[in-house]
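Participant: okay, predicted coordinates and the sequence, questions at the end:
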Amino acid sequence: MTPARHHRAPRDAALSDRVRTAQVRHRARHLVRGVALVGALATSLTAAAPARATSLTTLRSRVAALARRIDLLQTRLQILGEQYDQAAARQQSLHHQLVADGAALAGVTATVRADARRLRREAIEVYVSGGSSAGLSSVLTSTANALPMQQTYLAAATASLEATGARLQDSEHRLSVRRRALGAAEQLATATTAELARARRQAVALTDELRTTEAGVDARLAAAVRAEEVAQAAAAHAAAVAAAQRAAAASATQARAAAQVAAESAAPPPPSPVAAPSGAGAAAVRAAEAQIGTPYVWAGATPGVGFDCSGLTMWAWAQAGVSLPHSAQAQYDSITHVSPADLQPGDLIFYASGGYIYHVIMYVGGGEAVQAMDYGTAVQITPVWPGAYGYGRP
C-alpha cells in the first residue's frame with residue numbers, strides 16, 4: 001500500500017499543477033478579453049476628446065479667473081474692515097474731545113461771568129457807600145473829599161471788569177477755534193467712515209454677483225468633468241486590469257513583502273510636540289473656540305452675534321484679562337513679537353498686503369488656527385495660512 005501511495009502522490013501533484021495552470025489560463029483569457037473591451041470603450045469615449053478638452057480648459061480658466069477676483073475682493077473687504085475700525089476709533093476720540101472742550105468752555109464762561117458780577121456789585125457798593133459799611137447814609141453825610149476816592153475805586157473796578165471781559169473773550173475765541181478744528185476733523189472722520197461703509201457694500205454686492213456667476217460656471221464645469229471622468233475611469237480600469245494580471249504572476253511572498261514595505265513606508269511620522277500654552281493663552285483659545293460657528297460680521301465684536309478678525313482676537317483675549325484694540329494693525333503694534341518657531345496657543349498671526357496689516361488669526365497649536373475669516377463665513381478652525389507678516393503674544 002505504501003508504494004502505491006508513493007506513486008500516486010507525484011501524479012496527484014502533477015494533476016493539481018495542471019488544474020492550477022488551466023485556472024490561471026482561464027482567468028488570463030478573461031483578463032485579456034476584459035482589457036480589450038475596456039480599451040474599445042476608452043477609445044469610443046475619447047473620440048470627441050479634443051473638443052471636450054477645449055471646452056473643459058475654457059471653463060476651468062474662467063473658474064480660476066473668477067476665483068482670483070473673489071479672493072482679491074475678500075482681501076479688499078478685510079482691508080476695508082481694518083480701515084473702518086481705525087476710522088471709527090478716530091471719530092469716537094474726536095467726539096469725546098469735542099464734548100470735553102464744550103464742558104471746559106462752559107466752566108470758564110461761568111467762572112468769568114461770576115467774577116464780573118461780583119466786581120460789578122462791589123464797584124456799585126463802593127461808589128454808593130464810599131467804601132464804608134454805613135451804606136447810603138455814608139454817602140449822604142460824606143464830605144466833598146470822599147467823591148474823588150469813590151471815583152478812583154470805580155475806575156479801578158471798571159478796569160478789572162474790562163480785563164475780565166477780555167480774558168473771557170480770549171478764552172472763548174481760543175476754544176471756538178479749537179472746536180471748529182475738531183468739528184471739521186470729526187466731519188471728515190464721519191465722511192470717511194461713511195465712504196468706507198459704502199465701498200464695503202459695493203464690494204459685498206460684487207462678491208455676491210461673482211459667486212453666483214461662479215456657481216453657474218461650476219455647474220457647467222462639473223458636467224464636463226463628469227464626462228471626462230467616464231473616459232478617464234475606463235482608461236484607469238484598463239490599467240488596473242493589466243496591473244492585476246501582472247500582479248497575478250507575482251509570488252505571494254513577494255506580495256506580502258511589498259505590502260509590508262508599503263505599510264511601513266506609509267506609516268505616519270510621529271506628531272511634533274506642541275509647546276505648552278500659558279494660562280492666559282489657553283483661556284483665550286478656549287474663548288475663541290467657544291465662538292466657532294458665529295458668523296463673520298464687519299466690525300463685529302459681539303459673542304454669539306458676529307465678529308470680524310480683530311474683533312474675535314480682542315474679545316477672546318479680554319476673557320483672559322488682556323485688553324487689545326479693535327484693529328489688526330493696532331494689535332500688532334501693541335504686543336510682543338515672537339518668532340514662528342516659538343509659537344504657542346493663543347499667539348496671534350498677522351497678514352498684510354503691501355505692508356498694510358489687514359488680517360489676524362489666533363494660533364491653537366498643531367499647525368491650526370481659529371479665525372473669523374471673511375464675509376460669508378463663520379468663526380472656524382483652519383490650517384495656519386502661509387505667508388504671514390508677523391507673529392505676536394499679548
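Facilitator: Happy to help now that I have it.

Participant: drop to CA atoms for contacts and neighbour counts, all remaining ones
Facilitator: OK.

Participant: what about the strand or helix carrying residue 184, average pLDDT?
Facilitator: Per DSSP states H and E, residue 184 falls inside helix 146-248. Mean pLDDT, helix 146-248: 72.

Participant: also stretch 300-311?
Facilitator: For stretch 300-311, mean pLDDT rounds to 96.

Participant: how long is it from one end to the other?
Facilitator: End-to-end span of stretch 300-311 (C-alpha to C-alpha, to the nearest Å): 6 Å.

Participant: OK, contacts around residue 101?
Facilitator: Applying C-alpha atoms under 8 Å, 6 or more residues apart in numbering, we find residue 101 in contact with 175, 179.

Participant: quickly find the element holding it.
Facilitator: Per DSSP H and E, residue 101 falls inside helix 49-129.

Participant: equivalent analysis for residue 304, please.
Facilitator: For residue 304, there is no enclosing helix or strand under DSSP H and E.

Participant: relative to residue 213, how far out is it?
Facilitator: In terms of C-alpha to C-alpha, residue 304 sits 31 Å off from residue 213.

Participant: and if you look at residue 344?
Facilitator: Separation of residue 344 from residue 213 (C-alpha to C-alpha): 41 Å.

Participant: more neighbours: these two, which one.
Facilitator: residue 344 (23 against 13; other C-alpha atoms under 10 Å).

Participant: give the helix, strand or coil label for the more buried one.
Facilitator: Of the three states, residue 344 takes coil under DSSP: H, G, I helix; E, B strand; the rest coil.

Participant: that one is in contact with residue 363, isn't it?
Facilitator: Yes - between residue 344 and residue 363 there is a contact under C-alpha atoms under 8 Å: 7.0 Å.

Participant: burial check on residue 394, number of neighbours?
Facilitator: Counted by other C-alpha under 10 Å, the residues lying close to residue 394 total 17.

Participant: leaving out sequence neighbours, find the closest residue to it.
Facilitator: The shortest distance from residue 394 to any non-neighbouring residue, by C-alpha to C-alpha, 6 or more residues apart in numbering, is to residue 335 (5.0 Å).

Participant: how about the one you found, what does it touch?
Facilitator: Residues counted as contacts of residue 335 (C-alpha under 8 Å, 6+ apart) are 392-394.

Participant: could I get the average pLDDT for stretch 344-354?
Facilitator: The predicted model gives stretch 344-354 an average pLDDT of 95.

Participant: how about it: buried residues?
Facilitator: Buried residues in stretch 344-354, counted by 16 or more other C-alpha atoms under 10 Å: 344-352.

Participant: and it, how far apart are its ends?
Facilitator: Span of stretch 344-354 from end to end, C-alpha to C-alpha: 27 Å.

Participant: check which helix or strand residue 291 maps to.
Facilitator: Of the helices and strands defined by DSSP H and E, none includes residue 291.

Participant: so how far is residue 328 from it?
Facilitator: Distance, residue 291 to residue 328, using C-alpha to C-alpha: 19 Å.

Participant: return the residues in contact with the nearest residue to residue 371 once chain neighbours are set aside.
Facilitator: In space, and not counting its chain neighbours, residue 371 is closest to residue 361: 4.9 Å by C-alpha to C-alpha, 6+ apart. By C-alpha under 8 Å, 6+ apart, the contact set of residue 361 is 309-310, 313, 348-350, 369-372.

Participant: from the residues you listed, which land in strands?
Facilitator: 348-350, 369-371 (DSSP state E).

Participant: got the angle between the longest strand along the chain and helix 49-129?
Facilitator: The residue-count maximum for a strand in the chain (DSSP E) belongs to strand 356-365. Inter-element angle recorded for strand 356-365 and helix 49-129: 110 degrees (by axes from the mean of the first three to the mean of the last three C-alpha atoms, to 10 degrees).

Participant: wouldn't residue 90 be in contact with residue 187 here?
Facilitator: No - contact between residue 90 and residue 187 fails when scored by C-alpha under 8 Å: they sit 11.1 Å apart.

Participant: more neighbours: residue 291 and residue 328, which one.
Facilitator: Legend: neighbour count by other C-alpha under 10 Å for residue 291 and residue 328, higher for residue 328 (32 against 23).

Participant: tell me the spacing between the more buried one and residue 370.
Facilitator: Separation of residue 328 from residue 370 (C-alpha to C-alpha): 15 Å.

Participant: so how far is residue 318 from residue 284?
Facilitator: Residue 284 sits 8 Å away from residue 318, going by C-alpha to C-alpha.

Participant: and if you look at residue 187?
Facilitator: Taking C-alpha to C-alpha, one finds residue 187 at 31 Å from residue 318.

Participant: next, count neighbours for the closest residue to residue 327 other than its chain neighbours.
Facilitator: Leaving aside its sequence neighbours, residue 327 sits nearest to residue 310 (C-alpha to C-alpha, 6+ apart; 5.4 Å). Neighbour count for residue 310, taken as other C-alpha under 10 Å: 31.

Participant: residue 310 contacts residue 357, correct?
Facilitator: No - using C-alpha under 8 Å, residue 310 is not in contact with residue 357; the gap is 11.0 Å.

Participant: now for these two: what residues contact both?
Facilitator: Residues touching both residue 310 and residue 357 (C-alpha under 8 Å, 6+ apart): residue 328.

Participant: residues near residue 105, how many?
Facilitator: Other residues within reach of residue 105, judged by other C-alpha under 10 Å, total 19.

Participant: hang on, isn't it packed against residue 173?
Facilitator: No - look at residue 105 against residue 173 with C-alpha under 8 Å: they stay out of range, at 10.0 Å.

Participant: where's residue 353 relative to residue 392, distance?
Facilitator: When residue 353 is compared with residue 392 (using C-alpha to C-alpha), they lie 18 Å apart.

Participant: for residue 217, same thing?
Facilitator: Distance, residue 217 to residue 392, using C-alpha to C-alpha: 41 Å.
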